[in-house]
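Give me coordinates for this.
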Amino acid sequence: MLPNTQHSLDKLESLLKDLGYKVRYEKGNFKTAACILEHSNVVVVNRFSNLETKISALVGILRDMQTDGATLDEKKRQLLRSIKQTKLTI
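Numbering: from 1, shown residues only. Purely as a prediction, here's the structure:
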């Protein structure tokens, strides 16, 4: 899947942006390290989480999204497809 690097996190943020979501890093104590604000296309990530947790949280959100990525370019559509087909193992 994706390695736990800043580049991977940047790719996930870019994918979410292209899907119409804004990613914000805020202080929070939510259990999953990230959440989607209802009806507003904003993903909030706990800024105090480590890199691995941030990546896992964004991958989980992308996996649960009900989109096929038809508006994305081929590379990002392929990334989204691989995220949706892979089961996260920690």
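
Quick check: which element contains the residue sitting nearest the centre point of the chain?
Centroid-nearest residue in the chain: residue 58, 2.6 Å away (criterion: CA atoms, centre = their mean). Using DSSP states H and E, residue 58 maps to helix 51-64.

Over to residue 83?
Using DSSP H and E, the element containing residue 83 is helix 74-85.

circling back to that earlier point, angle of the helix holding residue 58 against helix 74-85?
Interaxial angle of helix 51-64 relative to helix 74-85 (axes from the mean of the first three to the mean of the last three CA atoms, to 10 degrees): 90 degrees.

what's helix 51-64 in contact with?
With CB atoms under 8 Å, 6 or more residues apart in numbering as the test, helix 51-64 has contacts from 1-2, 4-6, 8-9, 12-13, 15-16, 23, 32-34, 36, 43, 45-46, 49, 80, 83-84, 88, 90. The C-beta positions use only the backbone N, C-alpha and C, and glycine is treated the same way.

buried sites along that helix?
Residues of helix 51-64 classed as buried: 53, 54, 55, 56, 57, 58, 59, 61, 62 (neighbour count, 16 or more other CB atoms under 10 Å).

what does stretch 30-46 give?
So for stretch 30-46, counting by 16+ other CB under 10 Å, buried means 33, 34, 35, 43, 44, 45, 46.

Equivalent analysis for stretch 67-81, please.
Here stretch 67-81 shows 69, 72, 76, 77, 79, 80 as buried, counting by 16+ other CB under 10 Å.
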